[in-house]
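Visitor: how would this look folded up:
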Amino acid sequence: MFYLRLSVAIGGFLLASVYGVMIALVRRNPSLVARDYARALVRFIRPPLGMKVEIIGEENLRASRPCVYVANHQSVFDVPVLAELYPEGTVVIGKKELRSIPFFGWLYVRTGNVLIDRSSNPAAVGRLREAESAIRDRGVSVLIFPEGTRGSGDRGLLPFKKGAFYMAVAAQVPVVPIVVSRLAPLFHMRSRRIIPGTVQVRVLEPIETTGLTDEDVPGLLEEVHAQMNAVFAELRSTADTEVLGGAAEELIPR
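Guide: Numbers count the residues shown, from 1 in each chain. Predicted coordinates:
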């Protein structure tokens, strides 16, 4: 069942991406292309996975814009989760390797998102400056994964990088934390596990940066990390209990 669900989901991803390329070729507004592509990803990927998404605090997505959204990053299964709440007029910061994914990589760049080279700090900083300029000049919001890489969530969130917080302070825009519950009990590639279930997402209240300077960045980072880690631990406890209670036999790797 794992391979069947995964194969259909991959097929859905390709179908959504081909659709995205088609609309990108005829539409000039990259924000509208990104919005409709995100909707297609949700429509075509989530059903074969049996994935449902419950969002709490969705009103905080648009309470203070432009802003810098910061979200935890776990696996490829983040895509159909975060596509559900993609706010129009937002660019996403991702690693340069995404460019090599068929269709998706081209669409990623075409819709105004930013790819950074994590192996080159000067290059990465330069690209983040571009995103900062986009906030100021075009009024767009930015979504970034401050952990810098995928985290399993087994021991909470990984330490955060400072880039997102320097960006928010430099642009004097709020930070909006987004916390996705632990995915591993339901969706895990290495364990060949796909269990239909609900992923919980909490969008926390915006944290203002007005009047803050670069000297305040470490404190801002710690505040956001503490809030998100506490919520992640709460969601993890709830989700793991529900899965273990209802489908414990499916958690054994095959």
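
Visitor: What segments of the stretch 1-150 of the chain are helices?
Guide: Per DSSP state H, counting those that start in this stretch, the stretch 1-150 of the chain carries helices over the ranges 2-26, 30-49, 78-82, 104-110, 121-138.

Visitor: Of those helices, which stretch is the most buried?
Guide: Ranked by mean neighbour count under mean count of other Cβ atoms under 10 Å, the helices of the stretch 1-150 of the chain are led by helix 78-82, which reaches a mean of 22. Just so you know, the C-beta spots here come from the backbone N, C-alpha and C atoms, and that holds for glycine as well.

Visitor: Give me the helices and strands touching that one, please.
Guide: helix 30-49, strand 51-56, strand 175-180 (3 or more Cβ pairs under 8 Å, 6 or more residues apart in numbering; DSSP states H and E).

Visitor: returning to that earlier point: which among the helices of the stretch 1-150 of the chain is found nearest to Gly148?
Guide: helix 121-138 (9.7 Å; Cβ to Cβ).

Visitor: just the CA coordinates of that closest one, formatted as PDB?
Guide: Taking C-alpha atoms only, helix 121-138 is exported to PDB below (Å, rounded to 0.1, in the frame of the first residue of the first chain):
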ATOM      1  CA  ASN A 121      27.800  31.900   2.900                       C
ATOM      2  CA  PRO A 122      28.500  35.100   0.900                       C
ATOM      3  CA  ALA A 123      26.200  33.900  -1.900                       C
ATOM      4  CA  ALA A 124      23.500  32.900   0.600                       C
ATOM      5  CA  VAL A 125      23.600  36.300   2.300                       C
ATOM      6  CA  GLY A 126      23.400  38.000  -1.000                       C
ATOM      7  CA  ARG A 127      20.300  36.100  -2.000                       C
ATOM      8  CA  LEU A 128      18.700  36.900   1.400                       C
ATOM      9  CA  ARG A 129      19.400  40.500   0.700                       C
ATOM     10  CA  GLU A 130      17.400  40.200  -2.500                       C
ATOM     11  CA  ALA A 131      14.500  38.800  -0.500                       C
ATOM     12  CA  GLU A 132      14.800  41.700   1.900                       C
ATOM     13  CA  SER A 133      14.600  44.100  -1.000                       C
ATOM     14  CA  ALA A 134      11.500  42.400  -2.300                       C
ATOM     15  CA  ILE A 135       9.800  43.000   1.000                       C
ATOM     16  CA  ARG A 136      10.700  46.700   0.900                       C
ATOM     17  CA  ASP A 137      10.200  47.400  -2.800                       C
ATOM     18  CA  ARG A 138       7.300  45.100  -3.800                       C
END
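
Visitor: Residues contacting that helix, please?
Guide: Residues outside helix 121-138 that contact it (Cβ atoms under 8 Å, 6 or more residues apart in numbering) are 66, 68, 91, 93, 112, 114-118, 140-142, 144, 163, 166-167, 170-171, 173.

Visitor: What's the mean pLDDT across the helix ranked longest in the chain?
Guide: The longest helix of the chain (DSSP state H) is helix 217-247. Across helix 217-247, pLDDT averages out at 82.

Visitor: Equivalent analysis for stretch 162-172, please.
Guide: Per-residue scores along stretch 162-172 average to 93.

Visitor: Find out how far that stretch is from the centre of the chain, if you would.
Guide: 18 Å (Cα atoms, centre = their mean, to the nearest Å).
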